[in-house]
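Student: Compute the structure for the input listed below.
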Amino acid sequence: MRLDETLMREVKSYAARHQRTFTSVLEDALRRLLKEEGDMPRTTERIDVVVYTGSGVRVDVDLDDRSTWQPLLDAEDAERFTGAPHADA
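Tutor: Here you go, the predicted structure:
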């Protein structure tokens, strides 16, 4: 899961002020969203979920350093939306 860094800081700050964990705040927010969405008419449109089936992290990717993986994810997103393969494919 990727979160905007500003949003992540805001959630962490909120969690600290309310003596909660980051995870519990996200869980509650998602539950509220799903409950609200549950009140809306459901679509019958098929949604494909992308699942990673690789065997680990690439050598040049450091999960603690967003600058090493963010461009790769952005390129993959662009490929999905445009249908054009990215250079790393």
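
Student: now stretch 9-24: mean pLDDT?
Tutor: Across stretch 9-24, pLDDT averages out at 93.

Student: Which residues does that stretch contact?
Tutor: Residues from elsewhere that reach stretch 9-24 (CB atoms under 8 Å, 6 or more residues apart in numbering): 3, 25, 26. C-beta here means a position set from N, CA and C on the backbone, and glycine is covered the same way.

Student: Looking at the residues you listed, which one is closest to residue 78?
Tutor: residue 3 (19.3 Å; CB to CB).

Student: Could you pull up the contacting residues of the closest one?
Tutor: Residues in contact with residue 3 (CB under 8 Å, 6+ apart) are residue 11.

Student: now do 10 Å
Tutor: Residue 3 sits next to 9, 10, 11, 22, 26 when contact means CB atoms under 10 Å, 6 or more residues apart in numbering.

Student: show me where pLDDT drops low in the chain?
Tutor: The model of the chain has pLDDT under 70 over residues 40-43, 52-53, 84-89.
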